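Colleague: Fold the stuff below for me.
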Amino acid sequence: MEQLELILSLAGTALGLLVTAMTFIVKFCKSAKAKKIAEQTIEIANAVLPYIEEAEKFVSYSGEEKKEYVMTKANRYAIENGIAFDEEAVSAKVEELISLTKQVNVNNKNSGVQTLSGISYE
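Modeller: Now for the predicted structure:
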């Protein structure tokens, strides 16, 4: 009878450890996947900045055409680097960057060009 209790106790402990280990492994895999997605998003966002600068040089194109150009370049970058391309996320990031640059440009036009040290150059 004591051996049966010992076996059941060991089996219960082993089952508990197994469940705990499986939970840890699942959470680790999910966080690793989320980390990879975040890194890829940052990589695409960094790649988008030069495309926006390049598109701003196209004076005869509309804003929508410029954005389409940037999105196409970003998609091509993602394909070439084996990154999953989330069109909605990239589009939102492009819009965010464009609104930021517009805000910075308006501030610079109103107060001259300012550096980080606060000295104004006109």
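
Colleague: Any buried residues in stretch 50-63, and which?
Modeller: 51-52, 55 (16 or more other CB atoms under 10 Å). Where you see a C-beta, it was placed from the backbone N, CA and C, and this is true even at glycine.

Colleague: what's next to it, contact-wise?
Modeller: 65-67, 69-70, 73-74, 94, 97-98, 101 (CB atoms under 8 Å, 6 or more residues apart in numbering).

Colleague: Now do it: distance to the chain's middle.
Modeller: 23 Å (CA atoms, centre = their mean, to the nearest Å).

Colleague: Check stretch 66-79 too.
Modeller: Using CA atoms, centre = their mean, the offset of stretch 66-79 from its chain centre is 15 Å.

Colleague: Buried residues, it. List them.
Modeller: 66-67, 69-71, 73-74, 77-78.

Colleague: Now tell me which helix or strand of this protein has the poorest mean pLDDT.
Modeller: Here the helix or strand of the chain ranked lowest by mean pLDDT, DSSP states H and E is strand 120-121, holding a mean of 41.
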